[in-house]
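Student: missing the sequence, but the structure's below:
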Ligand SMILES: Nc1nc2c(c(=O)[nH]1)N[C@@H](CN(C=O)c1ccc(C(=O)N[C@@H](CCC(=O)O)C(=O)O)cc1)CN2
Ligand SMILES: [Mg+2]
């Protein structure tokens with residue numbers, strides 16, 4: 001699960017998101033099998049609006065991973081000219097369908113559609129993205145609820161790598177509803193001392209250098225350089241940025257300059273193969289939780 005290195009000589013230890021995600025998916029498959037054995041077939045409905053190429057890949061991967069884990073999966077593909085009323089009518093129908101345990105509306109929605117209104121329309125008990133205001137409030141109140149998938153995946157990676165959170169200084173770069181704010185809430189709930197940096201923070205490098213746990217989620221390719229990182233820190237890179245290369249093939253980079261981080265940090269997540277794969281694994285986990293909660297079983 002974790003690649004061992006002696007930090008002084010070989011650099012940071014790599015937190016292998018691919019293998020941790022595979023372990024989580026295996027555990028979820030077990031929980032689904034237990035539900036099925038009790039006569040409950042958990043179901044996930046994924047909604048994709050428009051033809052954004054990245055979203056199409058993510059939705060296909062969600063469908064495939066959920067099917068493999070034993071969920072009944074339906075993917076609803078709507079055209080880019082779908083109206084707000086049509087989209088909300090679909091959400092209403094899925095809310096009312098007792099066989100639907102989880103509803104995921106892939107983001108971003110095409111321009112002109114109000115994603116906040118769509119998310120508010122979801123039944124919070126089926127909101128497996130953890131974005132409905134009810135679930136956001138539960139998170140900040142330290143109450144059990146559905147938690148956004150990528151931040152939940154970050155915590156899972158720390159826990160499964162044996163990295164202590166309580167008492168640590170944590171810095172989160174970015175304040176999005178999908179990642180920055182919820183990861184800050186989760187770290188706070190685990191008794192870290194949390195600072196959020198954003199585009200108006202003076203000298204973010206100096207703030208980041210204070211971090212024992214640094215989470216980068218700003219969508220700026222390789223913004224975080226080696227000298228932003230305290231020696232031995234844990235660095236979670238949530239960024240997934242496609243950059244051009246001389247050969248025209250392009251490549252994926254995170255918000256962190258990997259080689260420089262590797263030379264300074266104690267632990268680091270790669271891109272690809274770090275935080276990204278955890279997003280879908282935690283979606284499956286949330287869907288199993290939603291199914292167990294909705295159907296009156298808490299053991300799964
Ligand atoms: N409704 C939601 N929309 C979006 C979410 C989300 O959690 N809920 N997150 C992102 C996209 N996303 C899932 O939807 C996602 C992003 C990345 C990965 C992943 O496995 N990345 C790989 C690289 C994949 C590649 O080659 O592009 C990695 O990092 O190794 C999975 C899911 C925005 N929308
Ligand atoms: Mg990654």
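Tutor: Okay, I see it. All figures in this text were calculated on a predicted structure; none of them were measured in a lab. Ligands and ions are numbered 1, 2, ... in the order given.
Student: For the stretch 101-250 of the chain, which segments count as strands?
Tutor: 102-105, 169-173, 193-197, 213-216, 234-237, 241-243 (DSSP state E, counting those that start in this stretch).
Student: which residues of the stretch 101-250 of the chain score low on pLDDT?
Tutor: Within the stretch 101-250 of the chain, no stretch has pLDDT under 70.
Student: All the helices of it, in order from the start?
Tutor: 115-121, 133-140, 149-160, 180-189, 204-208 (DSSP state H, counting those that start in this stretch).
Student: nearest to ligand 1, of those helices?
Tutor: The minimum distance between ligand 1 and these falls on helix 149-160, with 4.5 Å, by CB to the nearest ligand atom. (Each C-beta comes from the backbone N, C-alpha and C, glycine too.)
Student: Tell me which residues of that closest one come out buried.
Tutor: 149, 150, 151, 152, 153, 154, 155, 156, 157, 158, 160 (16 or more other CB atoms under 10 Å).
Student: what do you get for stretch 19-39?
Tutor: 20, 21, 24, 25, 28, 29, 31, 32, 34, 35.
Student: and the third one, what does it touch?
Tutor: Same thing as residue 24. Neighbouring residues of residue 24 by CB atoms under 8 Å, 6 or more residues apart in numbering: 156, 278, 281, 282, 284, 285.
Student: switch to 6 Å and redo it
Tutor: Contacts for residue 24 were tallied using CB atoms under 6 Å, 6 or more residues apart in numbering; they are residue 281.
Student: Next one: it relative to residue 219, how far apart?
Tutor: Distance check for residue 24 against residue 219: by CB to CB, to the nearest Å, it reads 25 Å.
Student: Near residue 277, how many residues? Count them for me, please.
Tutor: Residues lying near residue 277 (other CB atoms under 10 Å) number 22.
Student: Apart from its neighbours in sequence, what residue is nearest the one residue in the stretch 51-200 of the chain that gets nearest to ligand 1?
Tutor: For the stretch 51-200 of the chain, the residue closest to ligand 1 is residue 107, as judged by CB to the nearest ligand atom, at 3.6 Å. Of all residues not flanking residue 107 in the chain, residue 115 sits nearest, at 6.0 Å (CB to CB, 6 or more residues apart in numbering).
Student: now do residue 65
Tutor: Here the residue nearest residue 65, using CB to CB, 6+ apart, is residue 280, at 5.0 Å.
Student: same thing with residue 70?
Tutor: Closest to residue 70 by CB to CB, 6+ apart is residue 32, at 3.8 Å.
Student: Name the helix or strand for that neighbour, please.
Tutor: Per DSSP states H and E, residue 32 falls inside helix 17-37.
Student: from the middle of its chain, how far away would stretch 117-130 be?
Tutor: 16 Å (CA atoms, centre = their mean, to the nearest Å).
Student: ugh, wrong one, I meant stretch 248-264
Tutor: For stretch 248-264 - counting by CA atoms, centre = their mean - the centre lies 19 Å from the chain centre.
Student: Nearest the middle, which residue of the protein would you pick?
Tutor: residue 150 (1.0 Å; CA atoms, centre = their mean).
Student: how much space between that residue and ligand 2?
Tutor: From residue 150 across to ligand 2, the span is 10 Å (CB to the ion, to the nearest Å).
Student: Local confidence estimate at the residue nearest to residue 65?
Tutor: For residue 280, the model assigns a pLDDT of 98.
Student: repeat for the one 10 residues further on
Tutor: Note for residue 290: predicted pLDDT of 98.
Student: ok, it to residue 215 distance?
Tutor: According to CB to CB, residue 290 and residue 215 sit 25 Å apart.
Student: between the two, which one's more packed in?
Tutor: Neighbours per residue (other CB under 10 Å) separate residue 290 from residue 215, with residue 215 holding more: 31 against 24.
Student: ok, what's across the strand from that one?
Tutor: Beta-bridge partners for residue 215, by DSSP bridges, are residue 172, residue 236.
Student: ok, it to ligand 2 distance?
Tutor: Residue 215 is 12 Å from ligand 2, by CB to the ion.
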